[in-house]
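In: This is the structure alone, sequence omitted:
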Ligand SMILES: Nc1ncnc2c1ncn2[C@@H]1O[C@H](COP(=O)(O)OP(=O)(O)OP(=O)(O)O)[C@@H](O)[C@H]1O
Ligand SMILES: [Mg+2]
């Protein structure tokens with residue numbers, strides 16, 4: 001700063017001359033030694049002024065004290081503010097008394113208008129360092145002194161004040177001014193550092209506040225991948241004591257190759273990691289790492305890593321995907337002994353951990369039972385994840401169930417993904433339409449059931465999973481087992497607690513209660529006038545075979561609610577069922593013809609050998625006898 005150069009002697013002479021001119025214009029008396037009217041602050045005002053410029057005052061006074069020690073008290077040191085008020089004087093008692101005689105004491109104002117040309121006045125008026133000898137002082141009060149003053153500025157170049165060394169006239173030396181300039185600079189530097197560090201500490205505090213306000217784990221890493229900062233949530237997840245300075249590669253046990261990550265630009269999104277601090281058990285987490293770039297150069301100066309425990313994500317996913325059971329046993333309507341028995345079994349199943357196999361025709365309520373078992377079990381607060389084995393493409397089923405490892409097949413999102421079994425951890429997996437599971441998957445599922453561990457596609461290391469399995473099928477699984485379409489060992493493994501839900505036509509006493517139940521439920525939402533089924537209508541409902549079971553009944557009631565606009569549902573409203581019934585009867589006849597033909601062919605092919613025919617068809621001998629009799633294929637049986 002040019003403001004801090006020792007002025008050229010000629011320039012200084014000129015400045016002093018001009019200052020004298022100004023002093024004369026201000027009407028200052030050159031013979032004055034003490035001006036009784038000189039502006040002065042009360043001690044109270046002085047204290048208030050010092051308080052307003054506390055930092056400047058403290059820093060400057062300390063600096064002057066240091067100078068005082070260095071010069072072993074040869075000078076009196078004066079600190080004045082930008083208006084010329086003397087804030088502080090450092091002097092031995094003798095010097096202090098000498099200065100006091102000319103009003104040079106704390107609280108007096110020493111501007112050019114007050115005292116004419118002095119070092120304080122001129123350094124402030126012209127914002128330059130000045131040295132004033134006794135002859136250059138405008139008034140007589142300067143006699144006997146040589147003063148060196150250097151102004152002090154803040155980082156906005158605002159004048160803060162001036163620091164002055166006052167000595168006896170014979171002590172005059174140009175170095176004294178140099179010393180004061182250095183002191184002024186030292187004060188400015190310290191003020192700058194303090195304001196920077198205040199700024200930094202504010203930034204630091206706000207950064208900490210931001211870090212802590214986020215309820216995910218957050219770690220700030222330096223360029224080498226060492227932990228610089230970690231928020232409380234992150235510490236809690238990692239159960240880590242002091243992780244500062246630890247390399248991320250020590251914390252992320254698997255799934256992170258720092259070199260590779262850097263090569264990719266230091267960024268990865270939703271990568272699955274296993275994080276562990278010290279010797280604690282690794283926590284499965286999903287993490288996103290992003291580089292922090294220096295704004296000026298764009299260079300990477302560190303990284304931010306956000307992470308969430310998988311358990312939390314799992315919960316979130318399950319909440320979003322609606323992976324929870326809603327039905328209870330009370331939602332299963334039915335008075336028939338068949339449905340009551342199934343409900344009793346379901347309650348037993350809820351209290352056990354064994355695998356349940358629910359069988360029943362389509363629409364009988366298998367999923368309803370599966371959910372009810374879950375909601376009555378101690379896993380009720382955990383996920384209920386349903387998978388329809390028939391609906392998922394064969395080649396995706398394994399990864400859907402068991403997850404996959406990073407980069408295990410094309411199209412896979414970078415980074416691994418947990419499968420449904422892992423997502424259901426602690427809860428229940430409902431394997432619907434298990435009868436349609438391909439053979440190779442059956443083998444894999446069996447292994448999972450036996451070991452309690454899943455292995456992701458593309459990985460070798462199995463993960464333990466704690467899930468309860470409920471399977472369901474509407475296919476005759478025993479028959480497909482006999483034909484070799486379903487593994488026997490898996491069947492026995494699943495069939496620990498079998499629950500057979502009877503078809504609706506096998507429990508006609510449930511038809512009306514279910515019909516009324518659906519009518520009531522729909523009536524409210526649709527605001528329909530329909531109130532009841534007439535006796536004739538009930539007869540029609542009872543007489544119908546309900547191939548689609550409860551689901552069909554539910555749909556029929558829904559349809560009635562839309563077409564009937566009177567309280568009573570009569571048989572005329574149910575005429576459409578007749579058509580359905582005859583179509584169904586036709587279907588049955590068609591099936592019967594096909595069955596007869598199949599049996600006849602097999603019987604013929606085996607040379608009418610009962611044992612061989614029953615094996616070939618996959619039906620028991622008594623059944624074969626029954627069918628042969630029914631279709632009149634043999635007179636001998
Ligand atoms: N006993 C019952 N009480 C009340 N509602 C029932 C009952 N049984 C079935 N339902 C209802 O019938 C519909 C079909 O039930 P669900 O989906 O459980 O059948 P499912 O046996 O799984 O059929 P599918 O084999 O076709 O999948 C559902 O809307 C269900 O709520
Ligand atoms: Mg179902």
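Out: Looks like it arrived, so ask away. Note that the coordinates shown come from a computational prediction; the quantities given were computed from them, not determined experimentally. Ligands and ions are numbered 1, 2, ... in the order given.
In: contacts, neighbours, all on C-alpha from now
Out: Fine.
In: now the strands for the stretch 101-250 of the chain?
Out: 130-132, 145-153, 159-168, 217-222, 227-230 (DSSP state E, counting those that start in this stretch).
In: what do you get for the stretch 351-500 of the chain?
Out: 356-359, 384-388, 403-404, 417-418, 428-432, 453-454, 463-464, 468-473, 497-500.
In: Tell me the strands beside the longest one, with direction?
Out: Here strand 468-473 has these sheet partners by DSSP bridges: strand 356-359 (parallel), strand 428-432 (parallel).
In: is it anywhere near ligand 1?
Out: No. Judged by C-alpha under 6 Å from any ligand atom, strand 468-473 and ligand 1 are separated, with a smallest distance of 6.6 Å.
In: which ones are touching whichever residue of the chain sits closest to ligand 1?
Out: Using C-alpha to the nearest ligand atom, the single residue of the chain nearest to ligand 1 is residue 365, 3.1 Å away. Residues in contact with residue 365 (C-alpha atoms under 8 Å, 6 or more residues apart in numbering) are 501, 550-551.
In: Roughly how far does it sit from residue 292?
Out: Distance of residue 365 to residue 292, computed by C-alpha to C-alpha, to the nearest Å: 55 Å.
In: if I pick the residue nearest to residue 514 when sequence neighbours are not counted, what's in contact with it?
Out: Sequence neighbours aside, residue 333 is the residue nearest to residue 514 in space, at 6.2 Å (criterion: C-alpha to C-alpha, 6 or more residues apart in numbering). Contacts for residue 333 (C-alpha under 8 Å, 6+ apart) come out as 510, 513-514, 517.
In: Now with 10 Å, please.
Out: 339-340, 343, 365, 510-511, 513-515, 517 (C-alpha atoms under 10 Å, 6 or more residues apart in numbering).
In: Kindly report the same for residue 436.
Out: 388-391, 394, 442, 473-475, 477, 480, 485-486.
In: repeat for residue 137
Out: Applying C-alpha under 10 Å, 6+ apart to residue 137 gives the contacts 16, 19-20, 30, 115-119, 143, 145-147.
In: again, 7 Å this time
Out: Contact analysis of residue 137 by C-alpha atoms under 7 Å, 6 or more residues apart in numbering lists 117-118.
In: likewise residue 430?
Out: Residue 430 neighbours (C-alpha under 7 Å, 6+ apart): 385-387, 469-471.
In: how close does it get to residue 347?
Out: 17 Å.
In: For burial, what's the neighbour tally of residue 7?
Out: Neighbours of residue 7 under the rule other C-alpha atoms under 10 Å: 17.
In: tell me which element it is part of?
Out: Residue 7 belongs to no helix or strand when assigned by DSSP states H and E.
In: burial count for residue 371?
Out: By the measure other C-alpha under 10 Å, the count of residues near residue 371 is 24.
In: Quick check: pLDDT value at it.
Out: On pLDDT, residue 371 comes in at 95.
In: That one is in contact with residue 329, isn't it?
Out: No. If you go by C-alpha atoms under 7 Å, residue 371 and residue 329 don't touch, sitting 8.7 Å apart.
In: buried set for stretch 78-95?
Out: Applying a neighbour-count criterion of 16 or more other C-alpha atoms under 10 Å, one finds 78-91, 95 buried in stretch 78-95.
In: by contact count, what packs against the lengthiest helix in the chain?
Out: If you go by DSSP state H, the chain has its longest helix at helix 174-213. Helices and strands touching helix 174-213, as assessed by 3 or more C-alpha pairs under 7 Å, 6 or more residues apart in numbering; DSSP states H and E, comprise helix 54-70, strand 145-153, strand 159-168.
In: can I get those in JSON lines with distance to residue 180?
Out: Shown next, in JSON lines, are these (distance: least, C-alpha to C-alpha, whole Å):
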{"stretch": "helix 54-70", "distance to residue 180": "9"}
{"stretch": "strand 145-153", "distance to residue 180": "6"}
{"stretch": "strand 159-168", "distance to residue 180": "7"}
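In: phi, psi of the residue of the chain closest to ligand 1?
Out: phi 110, psi 30 (degrees, to the nearest 10).
In: cool, and residue 225?
Out: phi 90, psi 20.
In: Identify the residues contacting it.
Out: 247-248.
In: Quick check: end-to-end length of stretch 263-273?
Out: Across stretch 263-273, the terminal residues are separated by 19 Å (C-alpha to C-alpha).
In: Could you list the buried residues of that stretch?
Out: Buried, per 16+ other C-alpha under 10 Å, within stretch 263-273: 266, 268, 270-273.
In: Ok, stretch 270-286 next?
Out: So for stretch 270-286, counting by 16+ other C-alpha under 10 Å, buried means 270-277, 282-286.
In: what distance separates the start and the end of that stretch?
Out: End residues of stretch 270-286 are separated by 5 Å (C-alpha to C-alpha).
In: The chain against ligand 1: which residues are in contact?
Out: Applying C-alpha under 6 Å from any ligand atom, we find that the chain lies next to ligand 1 at 331-334, 361-368, 474, 550-551.
In: Show me which of the residues you listed has the smallest pLDDT value.
Out: residue 474 (88).
In: next one: phi and psi at that one?
Out: According to degrees, to the nearest 10, residue 474 has phi -110, psi 0.
In: For it, list the residues it contacts.
Out: Contacts of residue 474 by C-alpha under 7 Å, 6+ apart are 359-362, 433.
In: Most neighbours among the residues you listed, which one?
Out: residue 359 (23 neighbours).
In: so what pLDDT did that residue get?
Out: The model's pLDDT for residue 359 equals 96.
In: got it, and residue 44?
Out: 95.
In: repeat for the one 10 residues further on
Out: Among the per-residue scores, residue 54 holds a pLDDT of 94.
In: cool, and residue 411?
Out: Reported pLDDT for residue 411: 48.
In: Sitting in helices, which of the contacts of residue 365 do you find?
Out: Going by DSSP H, the helices hold 550-551 from the contacts of residue 365.
In: Now for the buried residues of stretch 270-286: which two are most distant?
Out: 270 and 277 (20.3 Å; C-alpha to C-alpha).
In: Give me the domain ranges for the chain.
Out: 9-196, 214-317, 322-502, 505-631 (automatic domain parsing).
In: Verify the contact between residue 554 and residue 516 for me.
Out: No. Contact criterion C-alpha under 7 Å: residue 554 and residue 516 do not qualify, at 10.0 Å.
In: who has more neighbours, these two?
Out: Using other C-alpha under 10 Å, the more surrounded residue of residue 554 and residue 516 is residue 554, with 19 against 15.
In: quick one: what helix or strand has the more buried one in it?
Out: Of the helices and strands defined by DSSP H and E, residue 554 is found in helix 549-563.
In: same deal with residue 253?
Out: Residue-wise, residue 253 maps onto strand 252-254 under DSSP H and E.
In: coming back round to it: now the contacts of residue 365: which count as buried?
Out: Here, 16+ other C-alpha under 10 Å leaves 501, 550-551 buried among those.
In: which residues sit against stretch 552-562?
Out: 515, 518-519, 522, 528, 530, 546.
In: Would you give the sheet partners of whichever helix or strand comes after the helix holding residue 554, along with the direction of each?
Out: Counting by DSSP H and E, the element after helix 549-563 in chain order, helix or strand, is strand 568-569. Strand 568-569 has the following strand partners under DSSP bridges: strand 532-533 (parallel).
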